[in-house]
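J.: Sharing a model prediction with you, sequence too.
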Amino acid sequence: MNKVISQPTMTSAAKLTRMTYWALLALVLLAPALGLYPVFVMKLLCFALFACAFNLLLGFTGLLSFGHAAFFGSAAYITGWFIKAQGWTPELGILAGTVGAGLIGLVVGVVAIRRQGIYFAMITLAIAQMVFFVCLQAPFTGGEDGLQGVPRGNLLGVLSLESDTALYYFVVAVFVLCFLFISRIVHSPFGQVLKMIRENEPRAISLGYQVDRYKLLAFVLSASLAGLAGALKTLVMGFATLSDVHWSMSGEVILMTLLGGVGTFFGPVLGSGIVIALQNLLADKVGSWVTVIIGAIFVVCVLAFRKGIVGELQAFRERRRVAVTKAAAPRT
């Protein structure tokens, strides 16, 4: 007689998470019809992808980089130059920017990956400043003026992206695919090794894993995804400037990730949404004071929500689940 093997059922928390993702996807797809400015949402998605790429390195590998603006900004310049000066189609320009950022990430990773802690962070910052100097001095970058007037072009030479609506759904598709790709990486055996390296690197070494290779691959993947975000940003905004590769951009993505929740999937998206929304809402009203306001919000978040907004919500839900389980357990 065959035994009936029970299939694992999805927990209520997993169901709630999946329903939330579907609801957010529906909201993003309907955003233009709901009156949301497409360019604003596209900019938000670009920085959300940037924060997710950084979170792959910090949240799931435990490596703090102070130089991720180098990958974001260099890809923005590469994409803008190939599309504007060489007449490449947008998908080829984006691919060139992503590959370029990945190659720069490979060089930086080879140099920095053997160091840990503050030494690793300082090496990434130093090399990022070198990239900033190159972008400032190189003739094809436009110097302090940057690359202006980058055309959107035709996707695959057929579909025009000049319309905000057409470009909007292209950016949404790229973001969703990248988000699913990052999720697949984290839940794969490779991702489990990255988590083990984050939690206890000496133990991972003792188990025979070549830790440096795993960290280098994670660094290159993070740099490539950050470059993809920068390439999309150039296509959306039509320009690439020195602010894209400045050290303050690295600090901004750290802020987004910590605000939303390091090591969570949706935290960086929420954090980037809060920062970009505040910048757009307050820039015309308070000017440069917007950085002070965002900084104050960050300080309050760090003091009150050490795990970030999404991280604290998950911790609260876990504490509640444990309390309910203990209350329902029979007393002996």
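T.: Yep, it's here.

J.: quick one: low-confidence parts of the protein?
T.: Residue ranges of the chain with pLDDT under 70: 1-13, 287-288, 329-332.

J.: could you redo the last one with a cut-off of 50?
T.: 1-9 (pLDDT under 50).

J.: Counting residues, which helix of it comes out longest?
T.: The residue-count maximum for a helix in the chain (DSSP state H) belongs to helix 211-237.

J.: by contact count, what packs against whichever helix or strand comes after that helix?
T.: Counting by DSSP states H and E, the element after helix 211-237 in chain order, helix or strand, is helix 247-260. Secondary-structure packing of helix 247-260 (3 or more Cβ pairs under 8 Å, 6 or more residues apart in numbering; DSSP states H and E): helix 38-61, helix 69-85, helix 117-137, helix 267-286, helix 289-304, helix 308-328. Backbone N, C-alpha and C define where each C-beta goes, glycine included.

J.: on that earlier part again, show me which residues of the longest helix of the chain are buried.
T.: For helix 211-237, burial by neighbour count (16 or more other Cβ atoms under 10 Å) applies to 211, 214-237.

J.: and what of stretch 273-280?
T.: In stretch 273-280, counting by 16+ other Cβ under 10 Å, buried: G273, I274, V275, I276, Q279.

J.: contact partners of that stretch?
T.: Contacts to stretch 273-280, defined as Cβ atoms under 8 Å, 6 or more residues apart in numbering, come from residues 40, 43-44, 47-48, 252, 255-256, 259-260, 290, 293-294, 297.

J.: Pull out the buried residues from these.
T.: By 16+ other Cβ under 10 Å, those give K43, L44, F47, A48, E252, L255, M256, L259, G260, V290, I294 as buried.

J.: Save those as TSV, and put in distance to L167 too.
T.: Formatted as TSV, the buried ones among the contacts of stretch 273-280 follow (distance: Cβ to Cβ, whole Å):
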residue	distance to L167
K43	12
L44	14
F47	16
A48	16
E252	23
L255	27
M256	23
L259	27
G260	25
V290	26
I294	27
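
J.: quick one: F40 from L270, how far?
T.: Note on F40: its distance to L270, by Cβ to Cβ, to the nearest Å, is 16 Å.

J.: Quick check on L64: phi, psi?
T.: For L64, the backbone dihedrals (degrees, to the nearest 10) come out as phi -100, psi 110.

J.: Over to the one 4 residues further on?
T.: For H68, the backbone dihedrals (degrees, to the nearest 10) come out as phi -70, psi -20.
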